[in-house]
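Asker: I need the structure of the sequence given here:
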Amino acid sequence: MLITTGITNQRMPVLVLGSVLTVVLALLVDWLASLAEVLLRPRGLQP
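Answerer: Okay, the predicted model is just below:
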């Protein structure tokens with residue numbers, strides 16, 4: 001929503017904030033998924 005608001009109102013700080021928050025959320029979800037993968041992997045498949 002912040003990204004579309006920034007584009008619609010031509011407000012660069014709002015657009016950048018929305019983009020940065022999106023990147024942070026994507027990195028957090030990726031980190032949590034990799035953590036879950038390590039924790040849920042069967043012991044026989046551990047490297």
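
Asker: what ranges do the helices span in the chain?
Answerer: 2-9, 12-40 (DSSP state H).

Asker: Output those in TSV; the columns should cover distance to residue 46.
Answerer: All C-beta atoms are positioned from the backbone trio N, CA, C, and that covers glycine. Formatted as TSV, the helices of the chain follow (distance: least, C-beta to C-beta, whole Å):
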stretch	distance to residue 46
helix 2-9	41
helix 12-40	9
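
Asker: mean pLDDT for those helices: which is lowest?
Answerer: Lowest mean pLDDT within these: helix 2-9, a mean of 77.

Asker: Check which helices and strands that helix is in contact with.
Answerer: Applying 3 or more C-beta pairs under 8 Å, 6 or more residues apart in numbering; DSSP states H and E, one finds that helix 2-9 contacts helix 12-40.

Asker: picking up where we left off before, please identify the most buried of the helices of the chain.
Answerer: Among the helices of the chain, ranked by average contacts under mean count of other C-beta atoms under 10 Å, first place goes to helix 2-9 (a mean of 13).

Asker: Let me know the angle separating that helix from helix 12-40.
Answerer: Here the directions of helix 2-9 and helix 12-40 differ by 160 degrees (axes from the mean of the first three to the mean of the last three C-alpha atoms, to 10 degrees).
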